[in-house]
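Student: Fold the following and give me the result.
(2 chains, ligands or ions: 2)
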There are 2 protein chains.
Amino acid sequence: MSKKLTTRAEDYSKWYNELVVKADLAENSGVRGCMVIKPYGYAIWEKMQAELDRMFKETGHENAYFPLFVPKSLFEAEEKNAEGFAKECAVVTHYRLKSDEENKGKLIVDPEAKLEEELVVRPTSEAIIWNTYKNWIESYRDLPILVNQWANVVRWEMRTRLFLRTAEFLWQEGHTAHATKQEAITEAEQMMNIYAEFAENFMAVPVVKGLKTEAERFAGADETYCIEALMQDGKALQAGTSHFLGQNFAKAFDVKYTTKEGKQEHVWATSWGVSTRLMGALIMTHSDDSGLVLPPKLAPIQVVIVPIYKGMEQLDAIRERVTPYIKELRAKGFSVKFDDRDTHKPGWKFNEYELKGVPVRIAIGKRDLENGTFEVARRDTFEKQSVGGDDLVQLIENLLEEIQENIYKKAFDYRANHITEVNSFEEFKDVLENKGGFVSAHWDGTTETEEKIQELTKATIRCIPLDAKEEEGVCVFSGKTSSKRVLFAKAY
Amino acid sequence: MSKKLTTRAEDYSKWYNELVVKADLAENSGVRGCMVIKPYGYAIWEKMQAELDRMFKETGHENAYFPLFVPKSLFEAEEKNAEGFAKECAVVTHYRLKSDEENKGKLIVDPEAKLEEELVVRPTSEAIIWNTYKNWIESYRDLPILVNQWANVVRWEMRTRLFLRTAEFLWQEGHTAHATKQEAITEAEQMMNIYAEFAENFMAVPVVKGLKTEAERFAGADETYCIEALMQDGKALQAGTSHFLGQNFAKAFDVKYTTKEGKQEHVWATSWGVSTRLMGALIMTHSDDSGLVLPPKLAPIQVVIVPIYKGMEQLDAIRERVTPYIKELRAKGFSVKFDDRDTHKPGWKFNEYELKGVPVRIAIGKRDLENGTFEVARRDTFEKQSVGGDDLVQLIENLLEEIQENIYKKAFDYRANHITEVNSFEEFKDVLENKGGFVSAHWDGTTETEEKIQELTKATIRCIPLDAKEEEGVCVFSGKTSSKRVLFAKAY
Ligand SMILES: [Zn+2]
Ligand SMILES: [Zn+2]
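Tutor: Ligands and ions are numbered 1, 2, ... in the order given. Have a look, this model is predicted:
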């Protein structure tokens, strides 16, 4: 760690960018808009993947893998989808380089190796997958298809930010095929619920479940379910989406099945995804001016032990003292690091593990050795306590649970304090400018109003919450009647 | 399963292609040269990944993720590497599509969205990674870097075959940086050994460890270690490679570190990878004319239970009978499927699971119910036995171990019988044509001879085995002196 992090109050955006880099999570690469996910950041992503993958499999999904490239003719088959993504497609046009005769040692694209049909680097895989499902589906016996893939996708972005918006990102995309509309809707809702459960129970990030408006819907979907989180700067972040695709892709790719009664019907579809963007949500929800704060359930290192010693003899004594506890903790499934490097001082290490968000730190020095104690510090509150060996393992176990709950509660309370009901456009603008967070307001249901509000305030409708009460009201902007409130916010 | 598989004797190549598709492992996609890995095939790949990933982590490696794209100027920095891959690079030249004004609903590449610098879709990641490591390495304290990534890569191929040679494939690529030459060589050797251990202990595929000749070496490497397997048609298959890259990439990207003594030195490098090609090796090593034969350690379903019943009452009785055994087997970590579908007959299911290579099948019918027995069949030998409930779980446990050992032994014996020492070029050609397998012969060490032999026989030097004895001899082709035998073979 070279120098202090910019604080959130000074410059929230700068704080985030610095934190991602200093905590060794990710960095910009030599390729415009593409990031390198560093080992520490990737270890968190792997933990996310493992939990999500388990949840997908427990609900009957299998993994598969589909091509990176989508031929242009397949890409354009579902028109709305194609239109929605066309502006951000990386396109492969050639399949060979050759030596540049004018510049020794340099290469040029070989003009003779031009592809007959251009290939789009997948921004999402509905097209290539439905072109495949076409051959997998004949009758109702072949349904449902419940498939997920873990993959990289590319959406060309002009302004990028690590994890939040990058030209290439990692994600999972589920693509399911069903015999009935209701079954597909149930699947889309199930996956939104799984995402919410994952966000809340593992990431400790409270989310609002809702529906997107027509304007914010996935291109090619009939309905988009989403989970929306709130960051500490009062901006919302869409953390996952699950789409009911109707029969749009089945029609575009002519995917029909024979019903039990022998009729031919188009298949119903869903798709759903979360991406490395979740890393951004995780970082921004919990972290503070000292660095990352990680939920114990996703922390690559849950407990770090820092010896404070002079000379090898003391270090050996400390090592001997901590070894049985390390074994016991590891046997219980906790990830424990004993940092006995002699290249760095304890104070440096304390800062480093604070920066990296390790939930629990144990320090042990000469006096602890004499007293049979350990100094235990928790990352979320910085509280320290001295504890004897008999109580250590149980204390740490409790502490990890407590930290997981505490950071969720903190985020939940912040969110609860930042959903503000407003009843006029003046109030709307005031809350948005001066308080931030979600603004709960009546809206007349038109895209026109939605767009005008966005033009004037930069706020978008994050979602129509699934639990929105029926309530008579008037649109804060147009004054037309409205039957429920929706959530507006500025968003990532 | 629609109809019988072509036999290996009839047409080995056709047998393979049919098997991959019929066993639901993979299929060709709508994108030239790219495959779809279907859920059953992907489940095997996931098991491979899990074991390899564990082995990598146990030897101190961490995962990370680097960009899919390599700017042309970085790609060409290491000249030999660039030259080696230039002819098979997919190249992104544009970042946007737009509506085709002449064809409603169609898209064209937007000529205004041409990239200033073309992006190569990574055929391998040395260039982008060493451009990154440059910023990670200052002093000896930053070394070694032991990083792996699981990723997709693209190498444009004109003639493709599922798993064996596809334009896009999945792999892992380890990229390590070291302070000393010896440490890098040790790492490259370690990873070759891990690959060999994985191939033999998990895939049940015996391999020869060796070094590639200069002509067969990875472009940009000083030395390539490899593991070579032998398929049932007598052709060899390179199953994994581990490269000692010397200081080639460090020099190309100017990556230096400060030694303990304060000197500036170039960093030493390795890279190593295995890919979905391993699926091809797995399939071709063990499978037979009835379908796939899978090693129990990598089989997605290790035990399948097929009820033979008339009416729901019998099915219920069977279900009740097998449930405790399923629980017990699953508790022991085995993957068990109870196929109670009433849409297919038992005979159809028997064929299906044979085709899919499920190691152990349990059948239970009315008479078994009366006698308290189960019919247990093993996939590798087709042997069946009737067994009582008390012995069932133990028998299956033993059987799974036995099958793993037996198929390895079978492959090992086949391989042992197909390494043939020859001492003249006549013999060489005769063995290659009429027996196949590895031909162990003296070679004069020149690329010229190697190429001539390849022209005349299509055989290449698969490797210089690490355990080759020092032995005086003369090259089978040139008659020049030679100090050890190398292994030639026709290869995939
Ligand atoms: Zn506030
Ligand atoms: Zn033979």
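Student: For the residue lying closest to residue A:79 once chain neighbours are set aside, grab the count of nearby residues.
Tutor: In this structure, residue A:79 finds its nearest non-sequential neighbour in residue B:105, 5.7 Å apart by CB to CB, 6 or more residues apart in numbering or on different chains. All C-beta spots, glycine's among them, are computed from the backbone N, C-alpha and C. Other residues near residue B:105 come to 11 when the count uses other CB atoms under 10 Å in any protein chain shown.
Student: Likewise for residue A:150?
Tutor: Neighbour count for residue A:150, taken as other CB under 10 Å: 18.
Student: who does the helix or strand where it lies pair up with?
Tutor: Per DSSP states H and E, residue A:150 falls inside strand A:145-154. Counting by DSSP bridges, the strands paired with strand A:145-154 are strand A:62-63 (parallel), strand A:168-178 (antiparallel).
Student: I'd like the next helix or strand past the last one.
Tutor: Spelled out, it's strand A:168-178. In N-to-C order, the element after strand A:168-178 by DSSP H and E is helix A:181-201.
Student: Got the domain ranges for chain A?
Tutor: Here the domain assignment for chain A is A:12-70+A:125-286, A:296-414, A:419-489, based on automatic domain parsing.
Student: Let me know which of the strands paired with strand A:145-154 is the nearest to residue A:397.
Tutor: Judged by CB to CB, the one of the strands paired with strand A:145-154 that comes nearest to residue A:397 is strand A:168-178, at 31.0 Å.
Student: For stretch A:353-368, which residues meet the burial criterion?
Tutor: With burial defined by 16 or more other CB atoms under 10 Å in any protein chain shown, the residues of stretch A:353-368 counted as buried are A:353-365, A:368.
Student: Correction: the previous question concerned stretch A:204-215.
Tutor: Using 16+ other CB under 10 Å as the test for burial, stretch A:204-215 gives A:204-213.
Student: can you give me the end-to-end distance of it?
Tutor: End-to-end distance of stretch A:204-215: 29 Å, with CA to CA, to the nearest Å as the criterion.
Student: Please list the residues of the stretch 101-250 of chain A that sit near chain B.
Tutor: A:105-107, A:109, A:118-121, A:128, A:131-132, A:135, A:141, A:147, A:151-152, A:154, A:156, A:168, A:170 (CB under 8 Å from any CB of the partner chain).
Student: again, 6 Å this time
Tutor: Taking CB under 6 Å from any CB of the partner chain as the contact definition, the stretch 101-250 of chain A meets chain B at A:105-107, A:109, A:118, A:131-132, A:141, A:152, A:156, A:168.
Student: Could you export the domains of chain A to CSV, including columns for mean pLDDT?
Tutor: Below are the domains of chain A laid out as CSV (pLDDT from 0 to 100):
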stretch, mean pLDDT
domain A:12-70+A:125-286, 97
domain A:296-414, 97
domain A:419-489, 97
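Student: quick one, strands of the stretch 151-300 of chain A?
Tutor: For the stretch 151-300 of chain A, the strands defined by DSSP state E, counting those that start in this stretch cover A:168-178, A:208-211, A:223-230, A:236-246, A:256-258, A:264-266, A:268-275.
Student: Now do the second one: everything it contacts.
Tutor: Meaning strand A:208-211. A:192, A:196, A:227-228, A:463-466 (CB atoms under 6 Å, 6 or more residues apart in numbering or on different chains).
Student: again with the third one
Tutor: For strand A:223-230, the surrounding residues in contact (CB under 6 Å, 6+ apart) are A:188, A:192, A:195-196, A:199, A:205, A:207-209, A:212, A:217-218, A:236-244, A:281, A:415, A:418, A:462-463.
Student: Then the fourth one?
Tutor: Taking contacts as CB under 6 Å, 6+ apart, the residues outside strand A:236-246 that touch it are A:184-185, A:188, A:191-192, A:195, A:199, A:207, A:218, A:221-231, A:269-272, A:274, A:281, A:462, A:489, A:491-492.
Student: Give me the angle between that strand and strand A:268-275.
Tutor: Interaxial angle, strand A:236-246 versus strand A:268-275 (axes from the mean of the first three to the mean of the last three CA atoms, to 10 degrees): 160 degrees.
Student: show me the contacts for the residue positioned nearest the centre of chain A.
Tutor: By CA atoms, centre = their mean, the mean C-alpha position of chain A lies nearest to residue A:278, the distance being 1.4 Å. Residues counted as contacts of residue A:278 (CB under 6 Å, 6+ apart): none.
Student: Equivalent analysis for the one 4 residues further on, please.
Tutor: With contact set as CB under 6 Å, 6+ apart, residue A:282 has these partners: residue A:203.
Student: looking at the strands of the stretch 151-300 of chain A, which is closest to residue A:400?
Tutor: Closest approach to residue A:400 among the strands of the stretch 151-300 of chain A is made by strand A:223-230 (22.5 Å; CB to CB).
Student: Relative to the whole chain's centre, how far out is that closest one?
Tutor: 12 Å (CA atoms, centre = their mean, to the nearest Å).
Student: okay, the angle between it and helix A:181-201?
Tutor: Relative orientation of strand A:223-230 and helix A:181-201, computed by the same axes, to 10 degrees: 10 degrees.
Student: mind listing what's buried in the biggest helix by length in chain A?
Tutor: For chain A, the helix that runs over the most residues, judged by DSSP state H, is helix A:389-417. Neighbour counts over helix A:389-417 (16+ other CB under 10 Å) mark A:392-393, A:395-396, A:399-400, A:402-404, A:406-408, A:410-411, A:414-415 as buried.
Student: before we move on, what about stretch A:280-295?
Tutor: Buried residues in stretch A:280-295 (16+ other CB under 10 Å): A:280-288, A:290-295.
Student: That one spans what distance, first to last residue?
Tutor: Terminal residues of stretch A:280-295 lie 14 Å apart, using CA to CA.
Student: what about residue A:131, distance to residue B:65?
Tutor: Note on residue A:131: its distance to residue B:65, by CB to CB, to the nearest Å, is 28 Å.
Student: Which residue does the stretch 151-300 of chain A have closest to chain B?
Tutor: Closest residue of the stretch 151-300 of chain A to chain B, CB to the nearest CB: residue A:156 (4.3 Å).
Student: got the residues of the stretch 251-400 of chain A near chain B?
Tutor: residue A:343.
Student: how about the nearest residue to the residue in the stretch 251-400 of chain A positioned nearest to chain B, chain neighbours excluded?
Tutor: Per CB to the nearest CB, residue A:343 is where the stretch 251-400 of chain A lies closest to chain B, at 5.9 Å. Spatial nearest neighbour of residue A:343, chain neighbours left out: residue B:141 (5.9 Å); criterion: CB to CB, 6+ apart.
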